[in-house]
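Chemist: pasting the sequence and the predicted model now:
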Amino acid sequence: MPQPALPQLHPLLRTLTLGLVCLLAACNRAGDPVYRDQFFAFGTLIDLTFHGVDTPRAEQASRALEQTFRQMHSDWHAWQPGALQQANAGLAEHGQASVDPAMAALIQEANRLSTLSNGLFNPVIGRLVALWGFHNDEPPQGPPPAADRIRQLVEQVPASTDVRVDDGQIHSRNPAVRYDLGAFAKGYAIDRGIEQLKELGILHAIINAGGDLRAIGRHGNRPWRIGIRDPRKPGVLASIEPAGDESVFTSGDYERFYEHEGRRYHHIIDPRSGYPAGATVSATVIHPVAATADAAATALFVAGPDAWPAIARQMGVKYVMLVDREGRIHLNPAMQARLKFESEPEAIVMSEAL
């Protein structure tokens with residue numbers, strides 16, 4: 001999803017926030033095997049949880065991750081000055097732009113996942129996202145964009161296949177291409193963060209970015225336990241225990257949206273129509289790679305209740321749950337076997353095995 005500007009916390013507020021977290025969780029005490037910390041990046045709260053790590057090493061890892069995430073946030077921001085904005089400007093003006101190796105790898109992976117999704121995860125529809133008002137730190141107000149402006153951008157058919165990456169350059173044959181990596185950047189960043197933790201010898205941890213996460217190892221003698229948010233009421237819809245090293249990502253119409261004349265307009269745009277995807281209210285994916293889970297959650301949300309199994313198979317995703325706008329829960333058998341619902345669902349629609 002599009003990333004808001006990085007909030008600037010007053011040092012005292014940050015101290016109080018962390019103090020409250022420690023008070024509620026009894027964290028970082030002498031002899032306590034769980035260390036928790038948090039910071040802001042990618043427009044959301046990043047929660048870190050380490051198990052079985054001494055406090056000095058945990059603090060070192062937390063500081064390193066905060067620096068890494070904030071730098072990635074700055075570099076990959078879709079509408080504030082940074083490396084991605086410079087690349088977009090080069091594509092718009094000259095059809096090409098220079099990128100460093102890290103940015104080139106990021107764009108290549110986004111393009112690969114977009115192709116696997118048949119373009120339902122489309123990282124180059126930044127102009128459409130901006131037209132809907134989501135290139136802003138605050139939700140848009142007022143009526144939706146004019147239909148003719150939406151149609152004009154859709155007819156230009158920006159796609160990741162329009163972009164070639166080679167030798168530190170990206171080239172586009174379509175002037176409508178504008179990268180917005182909001183449906184992918186958090187997952188990609190979490191994967192880099194987990195790699196960083198493993199290099200530091202931390203093997204039992206969760207990096208949670210606003211409810212989307214990757215968990216490695218265990219919580220002592222038991223697995224980690226993760227709650228999946230109910231998309232339409234407070235609380236948890238279901239819980240799951242990640243198996244050693246897994247990511248759990250959800251795309252929902254409740255994340256960034258506004259309402260006009262009784263209708264909800266959210267940030268997950270169907271690139272085929274130019275309008276917010278309308279058949280799904282949330283899509284949850286489990287996958288070992290956070291970047292894949294992030295992109296797939298968006299793609300399957302857009303695909304909707306009827307088409308998601310085919311897209312999931314193409315993207316190599318084995319575990320999926322969708323909630324449609326009527327409140328029905330769509331599952332494949334592998335996902336059903338792993339979920340524990342907090343209350344009995346009113347309606348479950350089973351798909352074939354993926």
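Modeler: Structure received.
Chemist: domain parsing of the chain, as residue ranges.
Modeler: Annotated domains of the chain cover 1-75+183-214, 83-172, 225-354 [automatic domain parsing].
Chemist: quickly, which of these bottoms out on average pLDDT?
Modeler: For these, the weakest mean pLDDT is recorded on domain 1-75+183-214, namely a mean of 78.
Chemist: about what we covered before: is it possible to export the domains of the chain to JSON lines including mean neighbour count?
Modeler: No exception for glycine: its C-beta is placed from N, CA and C like everyone else's. Listed next are the domains of the chain as JSON lines, based on neighbours: other C-beta atoms under 10 Å:
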{"stretch": "domain 1-75+183-214", "mean neighbour count": "18"}
{"stretch": "domain 83-172", "mean neighbour count": "18"}
{"stretch": "domain 225-354", "mean neighbour count": "19"}
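Chemist: how near is the nearest residue to residue 276 once chain neighbours are set aside to residue 284?
Modeler: Nearest residue to residue 276, sequence neighbours excluded (C-beta to C-beta, 6 or more residues apart in numbering): residue 266, at 4.9 Å. From residue 266 across to residue 284, the span is 16 Å (C-beta to C-beta, to the nearest Å).
Chemist: touching, the residue nearest to residue 276 and residue 257? I think so.
Modeler: Yes: if you go by C-beta atoms under 8 Å, residue 266 and residue 257 touch, sitting 3.8 Å apart.
Chemist: quick one: the helices in the stretch 1-150 of the chain?
Modeler: Here the stretch 1-150 of the chain has its helices, by DSSP state H, counting those that start in this stretch, at 11-25, 55-76, 83-94, 101-116, 126-131, 147-155.
Chemist: among those helices, which comes closest to residue 33?
Modeler: For these, proximity to residue 33 was assessed by C-beta to C-beta; helix 55-76 is nearest, at 10.5 Å.
Chemist: got the angle between that closest one and helix 101-116?
Modeler: Following axes from the mean of the first three to the mean of the last three C-alpha atoms, to 10 degrees, one obtains 70 degrees for the angle between helix 55-76 and helix 101-116.
Chemist: helix 55-76 - contacts with which helices or strands?
Modeler: strand 34-41, strand 44-51, helix 83-94, helix 101-116, helix 185-199 (3 or more C-beta pairs under 8 Å, 6 or more residues apart in numbering; DSSP states H and E).
Chemist: please repeat the previous calculation with a cut-off of 10 Å.
Modeler: strand 34-41, strand 44-51, helix 83-94, helix 101-116, helix 185-199, strand 205-209 (3 or more C-beta pairs under 10 Å, 6 or more residues apart in numbering; DSSP states H and E).
Chemist: chain center to the shortest one: distance?
Modeler: It stands for strand 205-209. Mean C-alpha position of strand 205-209 versus that of the full chain (C-alpha atoms, centre = their mean, to the nearest Å) differs by 13 Å.
Chemist: strands paired with the very next helix or strand once past it, and their directions?
Modeler: Counting by DSSP states H and E, the next helix or strand C-terminal to strand 205-209 is strand 212-216. Neighbouring strands of strand 212-216 in its sheet, by DSSP bridges, are strand 205-209 (antiparallel), strand 245-252 (antiparallel).
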